[in-house]
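Asker: Sequence first, then the predicted structure, then my questions.
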Amino acid sequence: MMNLSRFTKSLLSIAAIILASSLSAKTDQDVSGATARTSPDWLRSATIYEIFPRHFSPAGNLAAVTAKLDELKDLGVTVLWTMPIHPIGEKFRKGEFGSPYSIKDYYAIDPNYGTLADFKALVDGAHQRGMKVIMDLVANHTAWDSVMMTNTDFYKQDAPGHVIPPVPEWTDVAGLSYATPQLRDYMIAMLKYWIKECEVDGFRCDVAYMVPTDFWEQARAELTKVKPDIMMLAEASKPELLTKAFDLDYSWPLHAKLNDVMLHNASATELRKSWEQSRREFPKNSLHLRFSDNHDEARAVARFSFKGALAANAIMFTLDGVPLLYNGNEVGDATESGDPALFDKLTICWHPKERPKLREIYQQLIQMRKDYGALRSDNVNWLPNSDESKIVSYTRSDAKDEFLVVVNLSNRPVSGSVKISNAAEFKPVTICSVADTATGDLPRFQLDGFGWRIYHRSTTK
């Protein structure tokens, strides 16, 4: 478990990212009346799995990831996102290994991870199993000893002409300047290289809100010529990015509210309010990444407890959007992430004792999304319930099916009711081969602390 000081620092770090993204969005164009770009068909039904190769196995290399592809496919994963696989800078390095987001050479593979052939084997193996692979693109900054540093015009500089970091606290990286046309050409050529050389299926773009939108639009137009069904994920909550450049972005505002509710006793209604605000501000048909965990902060099981983390993911896997699992989520890994884990090596504990059947639960939630279009649609209807300060309740529907999701975001048992039509037609869904323990019939429900229920009815006449 993470000590309190590190835990607090982690939350403050992620809060800073969210705040910066939100402030950036406020100065951008209003695209609420626009329609989001059309995403590849395979993306809307996807489940993305973020892999930190250094932590993913004791070996900490790409070959060890390839060795687990069958397990990831069996889990139901359809898209693998590899965190940066490039050599890490040594100048001003943090920790023993350094941040993978401090990149020395975009065209190379970190020798600790293996070779170009090892990465090609990973991509080929994923493709053979029907999975996609996206690379992490760090377009905002490089290491201080990057091979690109021979051209300081590529970089942001202060008044005397000294290269500077993009944010003062990010002392291990140097900020790139997209005012330089040659930099744009360099970066686009590099992205084309990875598509052509390794047949990657897209990119997750680090701190995308800190890079000019017109660069992303320029890059997307060029990359689509090479691979028409490429996918691009923005680490941002910036509406204009989804009109032409990106297929998917981070639901940072919703994630921030999840932390507020589960850690700071905010009302559960904050989740609905955040979702509704995004629906108003973003282009129509926008897709958002839904997550409780990622590499930037403490693990959800450390923040929320095992039951709380599962309740959070029950929401993320049943809301609209694309769900994410991160590096051992499926076994309840509680190894630290964020600072300092980003700079050192802390291997996943793949066989922990006395964990809930998380893998089986996630496996079945993923399969439900694959089986039912209602869980992949844009239709979310938030429903009133008897204690909205603790309970979220909503339906997901299409022409064939309707699902009711009820989640207790408090650690105390609750007994209540939800306002829903056709209550008698809904039947509880059994998850993980465990009989549903709900007592009574809808609209009444009883939930343990952090308990959740999914109900289903057919709407086909």
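Answerer: Cool, got the structure.
Asker: what about Asp74, distance to Phe291?
Answerer: If you measure Asp74 against Phe291 using C-beta to C-beta, to the nearest Å, the figure is 21 Å. Placement of C-beta: from N, CA and C, glycine included.
Asker: Do you have the helices of this protein handy? List them.
Answerer: Here the chain has its helices, by DSSP state H, at 4-26, 41-44, 53-56, 62-66, 69-75, 116-128, 181-198, 213-226, 241-244, 252-264, 269-281, 300-304, 306-316, 358-371.
Asker: one step back: ok, Asp74 and Phe291, which is more surrounded?
Answerer: Comparing Asp74 with Phe291 by other C-beta atoms under 10 Å, the one with more neighbours is Phe291, at 25 against 11.
Asker: so who does that one touch?
Answerer: Tyr250, Ser251, His255, Met316, Pro323, Leu324, Tyr326 (C-beta atoms under 8 Å, 6 or more residues apart in numbering).
Asker: what's near enough to touch the second one?
Answerer: Remark: with contacts taken as C-beta under 8 Å, 6+ apart, Ser251 is in contact with Ser237, Ser278, His288, Leu289, Arg290, Phe291, Gly321.
Asker: go with 7 Å
Answerer: Applying C-beta atoms under 7 Å, 6 or more residues apart in numbering, we find Ser251 in contact with His288, Leu289, Arg290, Gly321.
Asker: follow-up on the earlier one: mind putting the helices of the chain into JSON lines with mean pLDDT?
Answerer: Shown next, in JSON lines, are these (pLDDT from 0 to 100):
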{"stretch": "helix 4-26", "mean pLDDT": "43"}
{"stretch": "helix 41-44", "mean pLDDT": "92"}
{"stretch": "helix 53-56", "mean pLDDT": "96"}
{"stretch": "helix 62-66", "mean pLDDT": "98"}
{"stretch": "helix 69-75", "mean pLDDT": "98"}
{"stretch": "helix 116-128", "mean pLDDT": "98"}
{"stretch": "helix 181-198", "mean pLDDT": "98"}
{"stretch": "helix 213-226", "mean pLDDT": "98"}
{"stretch": "helix 241-244", "mean pLDDT": "98"}
{"stretch": "helix 252-264", "mean pLDDT": "97"}
{"stretch": "helix 269-281", "mean pLDDT": "98"}
{"stretch": "helix 300-304", "mean pLDDT": "93"}
{"stretch": "helix 306-316", "mean pLDDT": "96"}
{"stretch": "helix 358-371", "mean pLDDT": "96"}
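Asker: Output those in TSV; the columns should cover distance to Met148.
Answerer: Converted to TSV, these look like this (distance: least, C-beta to C-beta, whole Å):
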stretch	distance to Met148
helix 4-26	24
helix 41-44	31
helix 53-56	23
helix 62-66	24
helix 69-75	33
helix 116-128	19
helix 181-198	7
helix 213-226	16
helix 241-244	24
helix 252-264	29
helix 269-281	36
helix 300-304	36
helix 306-316	37
helix 358-371	40
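Asker: which one of those lies closest to Thr35?
Answerer: Across those, Thr35 has its closest neighbour in helix 241-244 (7.8 Å, C-beta to C-beta).
Asker: What is the closest one packed up against?
Answerer: Other helices and strands packing on helix 241-244, by 3 or more C-beta pairs under 7 Å, 6 or more residues apart in numbering; DSSP states H and E, are helix 213-226.
Asker: Which residues belonging to the helix it packs on are considered buried?
Answerer: Thr213, Phe215, Trp216, Glu217, Gln218, Ala219, Arg220, Leu223 (16 or more other C-beta atoms under 10 Å).
Asker: Quick check: mean pLDDT of stretch 373-381?
Answerer: What stretch 373-381 shows for mean pLDDT is 97.
Asker: so how far is that stretch from its chain's centroid?
Answerer: For stretch 373-381, the separation from the chain centroid amounts to 19 Å (computed by C-alpha atoms, centre = their mean, to the nearest Å).
Asker: Pull the residues that contact that stretch.
Answerer: By C-beta under 7 Å, 6+ apart, stretch 373-381 touches 44-45, 285, 318-320, 368-369, 394-398, 400-403.
Asker: my guess is Val133 contacts Asp124, does it?
Answerer: No: counting by C-beta atoms under 7 Å, Val133 stays clear of Asp124, with 9.4 Å between them.
Asker: ok, the two, which is more surrounded?
Answerer: Val133 (21 against 14).
Asker: quick one: pLDDT of that one?
Answerer: 98.
Asker: Then the one 3 residues further on?
Answerer: You'll see Asp136 listed with a pLDDT of 98.
Asker: Please tell me how far the nearest residue to Gln218 once chain neighbours are set aside sits from Tyr209.
Answerer: Among residues not flanking Gln218 along the chain, Arg184 sits closest, at 6.5 Å (C-beta to C-beta, 6 or more residues apart in numbering). Taking C-beta to C-beta as the measure, Arg184 falls 17 Å from Tyr209.
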